[in-house]
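K.L.:
I would like to see how this sequence folds:
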Amino acid sequence: MVRYGEYDFERIIKEEAKTGDVRSEFEIDRDRIIHSSAFRRLQAKTQVYGAGLMDFYRTRLTHSIEVAQISKAIGLKLGIDTDLLEAIALAHDIGHPPFGHTGEKVLNELLDSYGGFEANAHNIIVLMFLETKIGDKGLNLTRATLDGLLKYKNKRSENRSKFLYDDEFFLGFVNWIDSSWESKRRSIECQIVKWADDVAYSVHDLEDGIKGGLLKASYLSDNLLSIVYEKVSNKVSIFSQGEVEKIFYSIKESIKDIENASSGIEKKRKIRKLTSDLIHTFVVNVSLSKLDEKESRYSYSLVVPDEVLLKNLVLRAIENELIYENKNILKTRKKCEMIVRKLFEVFSDKSSKKLYPIEYQEYWDMFDCSNIDANRYRLASWYIAGMTDNFAIKTYNEFFDPNTLVDIFTVI
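P.N.:
Below is the predicted model:
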């Protein structure tokens, strides 16, 4: 059991408690996140499929809610504060740009010479600066909540895809959250939410893939098994081909059983049972390992049994090959890449200040973007990252679709 203290509850700006407010500090964090504009925008940001492409597929918002539910279930089992877990889980994707990991990848490439772009790091920028609640410190969340969002406590020189920014502005926030961040320690709440994120991805992408016709039993071939084994081995080398094969074919049989359902209603019921059973397996089999006697947020490690971890890895590898690398999704991804690149071209230009909304024009002056290229490029990434999929497409069309000129001339 973690004993939370004043250090965990501390906010960067001290606040007086409101009369009659009976909420805990972590409940207040959760509520501030839910009421933030960045959280609302998650409803129109891509998970895997385009937001709005099919109405039952998941967005960043539905994914975050599911991660919160799974995190709370694990917290209840292990005795970890569920309000804190919920707050962290709801905010874990709040800094994600439009178009899923495609948007993040492109922004990272475009900012390669200026510190890169990383969505987890951008969570901190959103919550501690861009969202407005208390002074100039964003939502002014507790240290424990913010620390639970720092999944990757390493410099970009150590990992070019998952990292913290190394500029003074950003590290000022990180050093307040965890002055020992270079030790790379993760709080137990961070570990739980990360595992819940992996679970939600693997299980719910399986469900969406089956419903969307991208995952069929006939697609799980011997050739795919070889690819899956290679992908799993590249991540964790302790598993034999036989262990991977056993889980691979059990998943294939589960999909085949769904396909053989006697009716649409029965098929839906079987899909629900499969996802429910998988989540149950991933939740009830984890445990805690005690690292020291302090009973702090850093005193425990989350233990995921090998066979449970392997099942998750095999699911992710199958989905990566059959869903994320599907031809039609790849076509859409290329379009999304082009949109992000062109938007960055517009908003990173020295003459683009007045194209921004008023608050970003103020940031432009605050960071001297007319004279400092790195700050101007960073500001462009902040603005683009805050866009929903549809707003990014709309903004792109306003700049690059010749048909929009008609509207402009009509107004004039």
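
K.L.:
in this structure Glu243 contacts Leu313, no?
P.N.:
No - using Cβ atoms under 8 Å as the test, Glu243 is too far from Leu313 to be in contact (10.5 Å). Where you see a C-beta, it was placed from the backbone N, CA and C, and this is true even at glycine.

K.L.:
show me which of these two is the more surrounded one.
P.N.:
Neighbours were counted for Glu243 and for Leu313 using other Cβ atoms under 10 Å; Leu313 has more, 21 against 16.

K.L.:
what's the spacing between that one and Glu307?
P.N.:
Note on Leu313: its distance to Glu307, by Cβ to Cβ, to the nearest Å, is 11 Å.

K.L.:
swap in Tyr7?
P.N.:
According to Cβ to Cβ, Tyr7 and Glu307 sit 37 Å apart.

K.L.:
ranges for the strands of the chain?
P.N.:
Ranges of strands in the chain, per DSSP state E, are 287-290, 300-303.

K.L.:
buried deepest among these, which one?
P.N.:
Ranked by mean neighbour count, those are led by strand 300-303 with a mean of 18 (mean count of other Cβ atoms under 10 Å).

K.L.:
out of the strands of the chain, flag the one nearest Ser352.
P.N.:
Set against Ser352 and scored by Cβ to Cβ, the strands of the chain come closest in strand 300-303, at 44.6 Å.

K.L.:
the bottom helix or strand of this structure by mean pLDDT?
P.N.:
Every helix and strand of the chain was ranked by mean pLDDT, DSSP states H and E. The lowest is helix 404-411, at a mean of 57.

K.L.:
I figured Ile13 hits Lys133, correct?
P.N.:
No - using Cβ under 8 Å, Ile13 is not in contact with Lys133, being 9.6 Å away.

K.L.:
so those two - more neighbours on which side?
P.N.:
Using other Cβ under 10 Å, the more surrounded residue of Ile13 and Lys133 is Lys133, with 15 against 11.

K.L.:
for the more buried one, what are its contacts?
P.N.:
By Cβ atoms under 8 Å, 6 or more residues apart in numbering, Lys133 lies in contact with 32, 139-140.

K.L.:
how close does it sit to Ile265?
P.N.:
Between Lys133 and Ile265 the distance is 46 Å, computed by Cβ to Cβ.

K.L.:
hmm, back to that, most neighbours among the contacts of Lys133, which one?
P.N.:
Counting neighbours by other Cβ under 10 Å, the top entry in the contacts of Lys133 is Leu139, with 27 neighbours.

K.L.:
where does that one fall, phi/psi-wise?
P.N.:
Per-residue torsions, Leu139: phi -80, psi -10 (degrees, to the nearest 10).

K.L.:
end to end, how far does stretch 115-124 reach?
P.N.:
Distance across stretch 115-124, first residue to last, is 15 Å (Cα to Cα, to the nearest Å).

K.L.:
quick check: nearest residue in space to Tyr298, chain neighbours excluded?
P.N.:
The shortest distance from Tyr298 to any non-neighbouring residue, by Cβ to Cβ, 6 or more residues apart in numbering, is to Arg185 (5.2 Å).

K.L.:
need the contact list for the residue nearest the centre of the chain.
P.N.:
Nearest to the geometric centre of the chain sits Asp93, at 3.4 Å (Cα atoms, centre = their mean). Each residue near Asp93 by Cβ under 8 Å, 6+ apart is listed here: 42, 45, 60, 63-64, 119, 123.

K.L.:
backbone phi and psi for it, please?
P.N.:
When read as degrees, to the nearest 10, the backbone of Asp93 gives phi -120, psi 10.

K.L.:
related to what we said a few turns ago, with the contacts of Lys133 in mind, which one is nearest to Cys336?
P.N.:
Checking the contacts of Lys133 one by one against Cys336 (Cβ to Cβ), the nearest turns out to be Leu139, at 28.7 Å.

K.L.:
ok, which of the strands of the chain comes nearest Leu322?
P.N.:
Closest of the strands of the chain to Leu322 is strand 300-303, at 28.7 Å (criterion: Cβ to Cβ).

K.L.:
what helices or strands is the closest one leaning on?
P.N.:
When contacts are defined as 3 or more Cβ pairs under 8 Å, 6 or more residues apart in numbering; DSSP states H and E, strand 300-303 packs onto helix 188-211, strand 287-290.

K.L.:
for the longest one, what is the average pLDDT?
P.N.:
In this model, helix 188-211 carries a mean pLDDT of 95.

K.L.:
so how far is that helix off the chain centroid?
P.N.:
Relative to its chain's centre, helix 188-211 lies at 11 Å (Cα atoms, centre = their mean, to the nearest Å).

K.L.:
could I get the CA-only coordinates of that helix as CSV?
P.N.:
Taking C-alpha atoms only, helix 188-211 is exported to CSV below (Å, rounded to 0.1, in the frame of the first residue of the first chain):
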residue,chain,number,x,y,z
ILE,A,188,3.9,2.4,-9.6
GLU,A,189,0.9,4.4,-10.9
CYS,A,190,2.9,5.2,-14.1
GLN,A,191,3.7,1.4,-14.5
ILE,A,192,0.0,0.4,-14.0
VAL,A,193,-1.3,3.0,-16.5
LYS,A,194,1.3,2.0,-19.0
TRP,A,195,0.3,-1.7,-18.7
ALA,A,196,-3.4,-0.7,-18.9
ASP,A,197,-2.6,1.3,-22.1
ASP,A,198,-0.9,-1.8,-23.6
VAL,A,199,-3.9,-3.9,-22.6
ALA,A,200,-6.5,-1.5,-24.1
TYR,A,201,-4.5,-1.2,-27.3
SER,A,202,-4.2,-5.0,-27.8
VAL,A,203,-7.7,-6.0,-26.8
HIS,A,204,-9.7,-3.2,-28.3
ASP,A,205,-7.8,-3.0,-31.6
LEU,A,206,-8.5,-6.8,-31.9
GLU,A,207,-12.2,-6.1,-31.5
ASP,A,208,-12.2,-3.2,-34.0
GLY,A,209,-10.1,-5.3,-36.4
ILE,A,210,-12.5,-8.2,-36.3
LYS,A,211,-15.5,-5.9,-36.7
